[in-house]
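In: give me a model of this one.
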Amino acid sequence: MGTYRYSDCKRRCRCNQPCDQCAGVCTRSEYQSNRSGDSVAAVLDGMLSRNQGHIVAISSLAAYRGLPKSGAYCASKAGLSAFAESLRIDLRNSGIDVTIIHPGFIKTPLTAGRHANMPFLMELPDAASKMTQAIEKRRRSYSFPWHLLQL
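Out: Now for the predicted structure:
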């Protein structure tokens, strides 16, 4: 594989920005809250020049199916997961690993005010431990809790 840099791309994204501005992902439209392209573009060239690195995308189990009153959230997480999967393919044999984490509900200040049902709500330290283990093992993908996947 030759040296590939997103800054070499001359295409334009839906946001009408060159790909080196948004890493080929339209981050100026419906996915504003999950601007993964901007974050990856900031570090990718350095990783490529060193032939090593690890990109970790924190997605959600919501990426797998729509949830009530969560359309934009589910869509942005599905987009993030697809973006990371595509990156993994693009970066094959580059020395850069890509891990996608799909957690379920985690007890944080963001979920504290939510009144909807949150099955298998996990404590933050437990969730962080699971994520850390998956990242250290450089797993391609890790989804948890498995009980929630069955619903």
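In: tell me which element the most centrally placed residue in the chain is part of?
Out: The structure's the chain has its C-alpha centroid closest to residue 57; by CA atoms, centre = their mean the separation is 3.0 Å. When elements are defined using DSSP states H and E, residue 57 is found to belong to strand 53-58.
In: quick one: strands adjacent to that strand?
Out: Based on DSSP bridges, the pairing partners of strand 53-58 within the sheet are strand 96-103 (parallel).
In: what's the partner strand in contact with?
Out: Contacts of strand 96-103 with the rest of the structure, by CB atoms under 8 Å, 6 or more residues apart in numbering, involve 44, 47-48, 51-61, 63-64, 81, 84-85, 87-88, 91, 122, 127, 130-131, 134-135, 138-144. Backbone N, C-alpha and C define where each C-beta goes, glycine included.
In: how close does residue 72 get to residue 66?
Out: Taking CB to CB, to the nearest Å as the measure, residue 72 and residue 66 are separated by 11 Å.
In: same check, this time on residue 113
Out: Note on residue 113: its distance to residue 66, by CB to CB, is 22 Å.
In: check residue 123 too.
Out: 26 Å.
In: what segments of this structure are strands?
Out: Per DSSP state E, the chain has strands spanning 53-58, 96-103, 106-107, 122-123, 141-144. These are given in chain order.
In: any weak-confidence spans in the protein?
Out: The chain contains residues with pLDDT under 70 at 1-37, 150-151.
In: quickly note the distance from the residue of it most remote from its centre to residue 69.
Out: Farthest-out residue of the chain from its mean C-alpha position, per CA atoms, centre = their mean: residue 115, at 25.7 Å. Distance, residue 115 to residue 69, using CB to CB: 11 Å.
In: can you get me a residue count around residue 108?
Out: Under the neighbour criterion other CB atoms under 10 Å, residue 108 is assigned a count of 11.
In: top helix in this structure by residue count?
Out: As far as residue count goes, and with DSSP state H defining each element, the longest helix of the chain is helix 71-90.
In: rewinding a little: so residue 113 and residue 66 - more neighbours on which side?
Out: Shown here are residue 113 and residue 66; by other CB under 10 Å, residue 66 has more neighbours (11 against 6).
In: need the contact list for the nearest residue to the more buried one once chain neighbours are set aside.
Out: Sequence neighbours aside, residue 74 is the residue nearest to residue 66 in space, at 5.1 Å (criterion: CB to CB, 6 or more residues apart in numbering). By CB under 8 Å, 6+ apart, the contact list for residue 74 reads 60, 62-63, 65-67.
In: all good on my end, thank you.
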